[in-house]
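Novice: Have a look; sequence and predicted model below, questions after that.
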Amino acid sequence: METANETFLIGKDVWLKRLGELSVNLYYNGHGSEGETALYPFYHEGALDRLTPETFTEALGLNPELASDVIELFRPMTVLLQPERACLIGSIDETMLTHCIETINAIANRQLHSLCYMVLGLDDGSIVEHPLYLIGLTREGHIAGFRSSVIWT
């Protein structure tokens, strides 16, 4: 398993594999979500120099005219995965949870800048499960992090 002290520059395949291994059994429970949702590694190749709702919308080809593609919430972050917003489903104990979160954040701190979270989908009651992105930019301008969802009824 990855340790928080290792330094490396990772690409898409390695990012998805390593973060996938670390996030097994990790679920997200933040931003007012009414339920826990699985965390999945996310990587989108691009050439962005900054991460804003506009650059994210353009990079992913979202249509801001659609309620499902509206960025409802955008906030900068200092760490990719906040411990109080992660929870365990399954057999991992608290020590392993702490290790996974610390390792994920150590990797993200070395690999990413412009950390933020975005929630998609207009919060008008027409959408219950909203896509959530906990992301940043790689040195090459790719978008990387996690995708999950929040449940708002």
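Specialist: The structure has been received and is ready for your questions. Numbers count the residues shown, from 1 in each chain.
Novice: how much space between I135 and S149?
Specialist: Noted for I135: a distance of 14 Å to S149, by CB to CB, to the nearest Å. Where C-beta positions appear, they are placed from N, C-alpha and C, glycine not excepted.
Novice: Same question for V119.
Specialist: 9 Å.
Novice: Check A47 too.
Specialist: Applying CB to CB to A47 and S149 gives a distance of 27 Å.
Novice: neighbour count winner among those two?
Specialist: More crowded of A47 and S149, by other CB atoms under 10 Å: S149, with 21 against 8.
Novice: Can you show me the helices along this protein?
Specialist: 12-22, 53-60, 94-111 (DSSP state H).
Novice: what about this protein, any weak spots by pLDDT?
Specialist: Across the chain, the ranges flagged by pLDDT under 70 are 1-10, 87-92.
Novice: quick one: the strands in it?
Specialist: Taking DSSP state E, the strands of the chain run over residues 26-28, 37-38, 40-44, 71-76, 86-88, 113-120, 129-137, 143-151.
Novice: other SSEs contacting the last one?
Specialist: Contacts defined by 3 or more CB pairs under 8 Å, 6 or more residues apart in numbering; DSSP states H and E place strand 143-151 against strand 26-28, strand 37-38, strand 40-44, strand 129-137.
Novice: Sounds good, over and out.
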